[in-house]
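1. let's see this in three dimensions:
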Amino acid sequence: MSYLELLIDHKIRELSGAEFKIAVYLYRLLEGQKRVKSNIRHIAKVTGISWRQTQSALKNLAEKSVLGVKSTPKGGTWFWLPAEVKALAKPKQPTAQREDDKIPAAPVKPAQSKGDMPTQSIPVESPSLAPK
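-> Okay, here's the model as predicted:
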């Protein structure tokens with residue numbers, strides 16, 4: 001499962017529109033990478049989000065454990081996927097199923113044809129169409 005699929009499957013309800021746009025952009029950059037370096041102005045320009053809103057969204061994404069974010073003193077910011085996101089991406093190992101843990105299948109009854117269906121006549125009174 002890709003990181004983008006994880007973002008959509010597990011985090012989409014928690015994110016604002018700006019947070020989602022930024023997360024999608026950075027997740028795409030992070031595919032196959034341990035971390036990437038960028039800056040807020042570049043992310044704002046690429047996503048069409050204001051600088052201030054981009055800064056706020058990145059802070060929120062870090063608080064929600066969607067992205068790891070670390071500013072550097074010389075400028076630029078490092079981004080990475082938190083361990084929690086990486087753990088979701090790993091395929092789960094199938095566990096061995098014991099014979100007594102298996103659920104027996106319910107017996108299937110053959111479908112009945114219309115001729116086999118019980119019928120019942122119900123008398124219906126219809127209003128008279130003739131004038132009174």
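
2. below-threshold pLDDT in this protein: ranges please.
-> 1, 3, 84-132 (pLDDT under 70).

3. which residues of it fall in helices?
-> In the chain, helices defined by DSSP state H lie at 3-6, 17-30, 40-47, 51-63, 83-89, listed in chain order.

4. dump these into a markdown table; add mean neighbour count and distance to residue 77 as well.
-> Yep, even glycine has a C-beta here, placed from its N, CA and C like the rest. Formatted as a markdown table, these follow (neighbours: other CB atoms under 10 Å; distance: least, CB to CB, whole Å):
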| stretch | mean neighbour count | distance to residue 77 |
| --- | --- | --- |
| helix 3-6 | 16 | 18 |
| helix 17-30 | 19 | 10 |
| helix 40-47 | 16 | 7 |
| helix 51-63 | 17 | 7 |
| helix 83-89 | 13 | 18 |
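
5. reformat those as CSV; add distance to residue 71.
-> What follows is the helices of the chain, written out as CSV (distance: least, CB to CB, whole Å):
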stretch, distance to residue 71
helix 3-6, 22
helix 17-30, 14
helix 40-47, 9
helix 51-63, 9
helix 83-89, 20
